Structures are given as C-alpha cells and as structure tokens.
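Engineer: Sequence and predicted model, in that order:
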Amino acid sequence: LRDAARRELRRLGARVEPRGPASGADDGLAALTPREREISELVTDRHTNAAIAAKLFLSEKTIETHLRSVFRKLGVSSRVDVARQVEAARRP
C-alpha cells in the first residue's frame, strides 16, 4: 500500500520524500551544493532571479527551485537573510 500511495502522489506531482542536506553533519552554507552557493553569492550581490537565470543560462523556475532549497537548508525565509549569512561567511 505504501508503494501505491507513493506512486499516486508522484503522479499528482507531490514530492514524496523531501530532500535536505547531503550530510547531517553539514549545516548552514556548508550544506549548500556548489550551484546553490553560486546562486546565493549572486543573490548577495543583489541580482534578480531573471538576471541570475540569464547569467547561468538557466530558467527562472530553476533559480526559484534552487532558492527554495537554499532557504530550507539555511533555515531562512528571505533573500536578505541569505545575503546576511553569505556576507558573514565572507568576513575574515
């Protein structure tokens, strides 16, 4: 029954198992993939989603998806909070 429920949820477009950081040991910026880190840096430099998409040759939807993942991994809810964490990591 569990497998049938998963198949049905997948068919309806729901994500069955949420993804998080690759390793439980990583948190904060260390939990981000290289692409998520790159997008976070561009957010910190005040680029819009459209500008980031054009620069990286990706769709705006892909940028939105990466940013949702960044927000979840960093435990934040805004671009400003992402920028604050990146800026803090930039400081020596």
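Structural biologist: Yes, it's here. A quick note: this is a predicted structure, and the numbers were derived from the prediction, not measured.

Engineer: Restricting to C-alpha, output the lowest-mean-pLDDT helix or strand in the chain in CSV.
Structural biologist: The weakest-scoring helix or strand in the chain, judged by mean pLDDT, DSSP states H and E, is helix 2-11 (a mean of 83). C-alpha atoms of helix 2-11 as CSV (Å, rounded to 0.1, in the frame of the first residue of the first chain):
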residue,chain,number,x,y,z
ARG,A,2,2.9,2.4,0.8
ASP,A,3,4.3,2.0,-2.7
ALA,A,4,1.0,2.5,-4.3
ALA,A,5,0.5,5.7,-2.3
ARG,A,6,3.9,7.0,-3.3
ARG,A,7,3.2,6.3,-7.0
GLU,A,8,-0.1,8.1,-6.7
LEU,A,9,1.5,11.1,-5.0
ARG,A,10,4.2,11.2,-7.6
ARG,A,11,1.6,11.0,-10.4
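
Engineer: Quick one: name whatever helix or strand follows it.
Structural biologist: Next in sequence after helix 2-11, counting helices and strands by DSSP states H and E, comes helix 34-44.

Engineer: got the angle for the helix or strand just after that next one vs helix 34-44?
Structural biologist: Later in the chain than helix 34-44, the nearest helix or strand by DSSP H and E is helix 49-56. Using axes from the mean of the first three to the mean of the last three CA atoms, to 10 degrees, the inter-axis angle of helix 49-56 relative to helix 34-44 is 130 degrees.

Engineer: Packing partners of the least confident helix or strand of the chain?
Structural biologist: If you count contacts as 3 or more CB pairs under 8 Å, 6 or more residues apart in numbering; DSSP states H and E, helix 2-11 packs onto no helix or strand. Heads up, the C-betas are built off the backbone N, CA and C, glycines and all.
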